[in-house]
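J.: Next input, structure requested:
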Amino acid sequence: MLPDQSVLDQAAELIANARCAIVMTGAGFSVASGIPDFRSPGGVWSKYDPEKVASIRALQSDPETVWNFLLELFRMTQNFGPNPAHDALAELEASGIIKAVVTQNIDGFHQRAGSVNVVEFHGNCSHFFCSECFTEFDADKVTTAENSDLPLKCLKCSGIVRPDLVFFGEQIPPEAYKRAFEFANQSDLVLIAGTSGEVVPANLIPPRIKNNGGKIIEINKIPSAYSSMSDVFIEGQVEEILPALVRKILK
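T.: I've put the predicted structure just below:
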């Protein structure tokens, strides 16, 4: 169910008139594509202990358990794909309306939908390399791996292969951090969609833009940590709201 048209009109006008608008996305986009959320009740972390399956310490001490979890995660991203919310953002970028997407998701769906300027704050699960010698590992060998092949090992040095994503206990990649905050410093509007604002340091971007005099538009199913500072809050699902918003902006 779409919100009141006046709210959509207000958001569309702000986005269309922005000098430099960026978008921040989170789990709501992936959930709309069929991938389970991690942090919500009933999500992935209610079934798995992240310290045992998604931490750098676990990768070093028990790589087989970590890789069993990762393989299940990667197969999910292969079985699903971009939804209308991803498509809508790609259309806005192609039209020059938004300058970049900063995402906390690791599924690569924004790029598959056609978005070009994507900053992956937590990395991705489409690029793999050896944790010892850093030699790249063929992603096709990951998608065809069986559980008996785990943990995957480097063909050169037999080191443990890992995806290019941020494990618990690791820092945000410096280049992603730099790019994200460069965009934040240039932006006069941020559209927050499908993210609750609980994860540091990604959640520092909207306040940075707000403190610089910019606007915040939020699309979420329920109010989030950003709602008290948002100029426009649109309650609903990203896959329904964003296509409607794009139609108003590009009409």
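J.: which stretches of the protein form helices?
T.: Along the chain, counting by DSSP state H, helices occupy 5-17, 27-32, 50-53, 56-61, 63-79, 84-94, 109-113, 139-143, 174-186, 205-211, 238-249.
J.: Tabulate those (TSV), appending distance to V102, mean neighbour count and mean pLDDT.
T.: C-beta coordinates here come from the backbone N, C-alpha and C atoms, glycine included. Below are the helices of the chain laid out as TSV (distance: least, CB to CB, whole Å; neighbours: other CB atoms under 10 Å; pLDDT from 0 to 100):
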stretch	distance to V102	mean neighbour count	mean pLDDT
helix 5-17	16	16	95
helix 27-32	12	23	92
helix 50-53	22	16	93
helix 56-61	23	16	96
helix 63-79	19	18	90
helix 84-94	11	22	98
helix 109-113	10	21	96
helix 139-143	24	14	89
helix 174-186	5	16	96
helix 205-211	7	18	95
helix 238-249	15	20	96
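J.: And those helices: which comes nearest H122?
T.: Closest of the helices of the chain to H122 is helix 174-186, at 8.2 Å (criterion: CB to CB).
J.: on contacts alone, who are the packing partners of the closest one?
T.: On a contact count with 3 or more CB pairs under 8 Å, 6 or more residues apart in numbering; DSSP states H and E, helix 174-186 meets strand 98-103, strand 118-120, helix 205-211.
J.: Figure out how far the longest one is from the centre of its chain.
T.: Yep, that's helix 205-211 we're talking about. 19 Å (CA atoms, centre = their mean, to the nearest Å).
J.: Count the neighbours of R19 for me.
T.: Residues within reach of R19, counting by other CB atoms under 10 Å, total 10.
J.: Could I get the helices of the chain in a markdown table, plus columns for distance to S196?
T.: Shown next, in a markdown table, are the helices of the chain (distance: least, CB to CB, whole Å):
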| stretch | distance to S196 |
| --- | --- |
| helix 5-17 | 19 |
| helix 27-32 | 8 |
| helix 50-53 | 17 |
| helix 56-61 | 24 |
| helix 63-79 | 20 |
| helix 84-94 | 16 |
| helix 109-113 | 18 |
| helix 139-143 | 30 |
| helix 174-186 | 18 |
| helix 205-211 | 12 |
| helix 238-249 | 13 |
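J.: which one of the ones you listed lies closest to F121?
T.: helix 174-186 (5.5 Å).
J.: residues in contact with the closest one?
T.: For helix 174-186, contacts defined as CB atoms under 8 Å, 6 or more residues apart in numbering pick out 20, 22, 99-100, 102, 119-121, 123, 190, 201-202, 205, 208-209, 212.
J.: if I pick the spatially most central residue of the chain, what's in contact with it?
T.: The structure's the chain has its C-alpha centroid closest to N105; by CA atoms, centre = their mean the separation is 2.3 Å. Residues in contact with N105 (CB under 8 Å, 6+ apart) are 25-27, 29-30, 120, 122.
J.: any chance of those in JSON lines, plus distance to A58?
T.: Formatted as JSON lines, those follow (distance: CB to CB, whole Å):
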{"residue": "T25", "distance to A58": "27"}
{"residue": "G26", "distance to A58": "24"}
{"residue": "A27", "distance to A58": "22"}
{"residue": "F29", "distance to A58": "27"}
{"residue": "S30", "distance to A58": "22"}
{"residue": "E120", "distance to A58": "22"}
{"residue": "H122", "distance to A58": "17"}
